[in-house]
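>>> Give me the fold of what follows.
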Amino acid sequence: MNATTEKKPRLTTSAMIASIASEGQRVTAAPFGKAMVELGRNRPEVVGMTADLAKYTDLHLFAREYPERFFQMGMAEQLLMAAAGGMAKEGFIPFATTYAVFGTRRAYDFVHQVIAEENLNVKICCALPGLTTGYGPSHQATEDLALMRSIPGLTIIDPCDALDVEQAVPQMAEHAGPVYMRLPRGNVPLVLDEYDYKFELGKAKLIRDGKSVLVISSGFMTMRSLEVAQQLQGDGVDVAVLHVPTIKPLDEATILAEVRRSGRLVVVAENHSVIGGLGEAVASLLMRSGVATTFRQIGLPDAFLDAGALPTLHERYGISTAAMSQQIKGWI
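Residues are numbered from 1 along each chain as shown. Here you go, the predicted model:
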């Protein structure tokens, strides 16, 4: 190596579980836990349940405020889902938290048969969705949306930031029926408050308009898409960002209306495998509706992903801001 070559700082193990917030970005600590505490004040039927992960899903704030309405089920995610279904049958509104790999892959049959088939009023909130941990395939729920989209009657939410989470929680409680939400935890970025945005269950929102590219995104990929839009503006590329926080039911009318505006490259960006997530849902919608457009996907590969520091993995698998910008410029 040339002695004058600047070395990149070596990332430590903590980068495997780092916040997805950029350096210096505004964050809100534990927005889900705080929203649950607020919800519990006027909704005595709301209960919190977890599989030994209260602290790591921010549900510990609810447990501290309402200990008589908090249930620690231990490291038994199938039992967690079954018990949540039982609580719902008794008239409670259980919010059940765990990691996404455990709430979907491990407990899938219990969600399908106990909760969804009977349309029980259970709210499943799962942290570490997609590539939000560096601990390898055992903890990376890169296929959770594909699994949960296939369950009839299950509403699915993929929030972008702290504002999305805070506003989604009470609407989840108002919604009659099972809900699965991908859960940002810890210090969660605050982005959408700058865009006069309000979460509405079942609705996609145009966050930024543009004439060159339409990015349809969900989760923290909406944050990344807004960063990409700012970067590419200097290159004369005008990027629109359509945020789709509700994956199911999909806001088909809004998506079709935006795609039908001619002359734009359409890109779906998601923190999920390119198999079975938002990208395929949008592609299927466009095909069924007879809408022809230039369509591209930014997502995780159909593969078991590496372990490592999150910034490195996001760059490697094409979901960092820099990687997204380069990919979109190449397509244009």
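
>>> domains in the protein, as residue ranges please.
What automatic domain parsing lists as the domains of the chain is 23-189, 202-331.

>>> Can you measure across the first one, start residue to end residue?
Domain 23-189 has an end-to-end distance of 10 Å (criterion: C-alpha to C-alpha, to the nearest Å).

>>> before we move on, the earlier item: now, of the domains of the chain, which is deepest in the fold?
With neighbours defined as mean count of other C-beta atoms under 10 Å, the domains of the chain peak in mean count at domain 23-189, which reaches a mean of 21. The way it works is simple: take the backbone N, C-alpha and C, and place the C-beta from them, glycine included.

>>> one step back: need the domains of the chain in TSV (columns: mean pLDDT).
Formatted as TSV, those follow (pLDDT from 0 to 100):
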stretch	mean pLDDT
domain 23-189	98
domain 202-331	97
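
>>> can you list the ones you listed in CSV and add distance to Tyr195?
Converted to CSV, these look like this (distance: least, C-beta to C-beta, whole Å):
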stretch, distance to Tyr195
domain 23-189, 10
domain 202-331, 5
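
>>> Return the residues in contact with Gln25.
The contact partners of Gln25, taken as C-beta atoms under 8 Å, 6 or more residues apart in numbering, are 189-190.

>>> do the one 3 residues further on as well
With contact set as C-beta under 8 Å, 6+ apart, Thr28 has these partners: 34, 162-163, 166, 187-188, 190.

>>> For the stretch 51-200 of the chain, just list every one of the strands.
Along the stretch 51-200 of the chain, the stretches classed as strands by DSSP state E, counting those that start in this stretch are 70-72, 93-99, 123-127, 155-157, 179-183, 187-189.

>>> As TSV, the ones you listed with distance to Gly234 would be great.
Formatted as TSV, the strands of the stretch 51-200 of the chain follow (distance: least, C-beta to C-beta, whole Å):
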stretch	distance to Gly234
strand 70-72	50
strand 93-99	39
strand 123-127	35
strand 155-157	33
strand 179-183	32
strand 187-189	22
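
>>> Could you check how far the residue lying closest to Ala54 once chain neighbours are set aside is from Thr97?
Among residues not flanking Ala54 along the chain, His60 sits closest, at 4.3 Å (C-beta to C-beta, 6 or more residues apart in numbering). As judged by C-beta to C-beta, to the nearest Å, His60 and Thr97 stand 10 Å apart.

>>> Common neighbours of the two, please.
Ala54.

>>> Isn't Ala127 up against Tyr99?
Yes. Applying C-beta atoms under 8 Å as the test, Ala127 and Tyr99 come out as touching, 5.6 Å apart.

>>> what touches both of those two?
53, 56-57.

>>> In this protein, spot the strand with the most residues.
strand 265-273 (DSSP state E).

>>> Check which helices and strands it is in contact with.
In terms of contacts (3 or more C-beta pairs under 8 Å, 6 or more residues apart in numbering; DSSP states H and E), strand 265-273 is packed against helix 144-149, strand 213-217, helix 220-233, helix 278-288, strand 295-300, helix 321-331.

>>> residue contacts, Glu258?
Glu258 neighbours (C-beta under 8 Å, 6+ apart): 206, 214, 216, 240, 242.

>>> Tell me the strands beside the strand or helix carrying the last one, with direction?
Going back to what we said before, that points to Leu242. Under the criterion DSSP states H and E, the helix or strand holding Leu242 is strand 239-243. Strands adjacent to strand 239-243 in the sheet, as given by DSSP bridges, are strand 205-208 (antiparallel), strand 213-217 (parallel).

>>> so which of those gets nearest Leu131?
strand 213-217 (14.7 Å; C-beta to C-beta).

>>> residues in contact with that closest one?
The contact list for strand 213-217, computed with C-beta under 8 Å, 6+ apart, reads 204, 224-225, 228-229, 232, 237-244, 255, 258-259, 261, 264-270, 278, 282, 328, 332.

>>> picking up where we left off before, next, format the strands paired with strand 239-243 as JSON lines and append distance to Met172.
Converted to JSON lines, the strands paired with strand 239-243 look like this (distance: least, C-beta to C-beta, whole Å):
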{"stretch": "strand 205-208", "distance to Met172": "17"}
{"stretch": "strand 213-217", "distance to Met172": "21"}
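
>>> who wins for proximity to Arg106 among the ones you listed?
strand 213-217 (27.9 Å).

>>> Measure how that closest one sits relative to helix 220-233, angle-wise.
160 degrees (axes from the mean of the first three to the mean of the last three C-alpha atoms, to 10 degrees).
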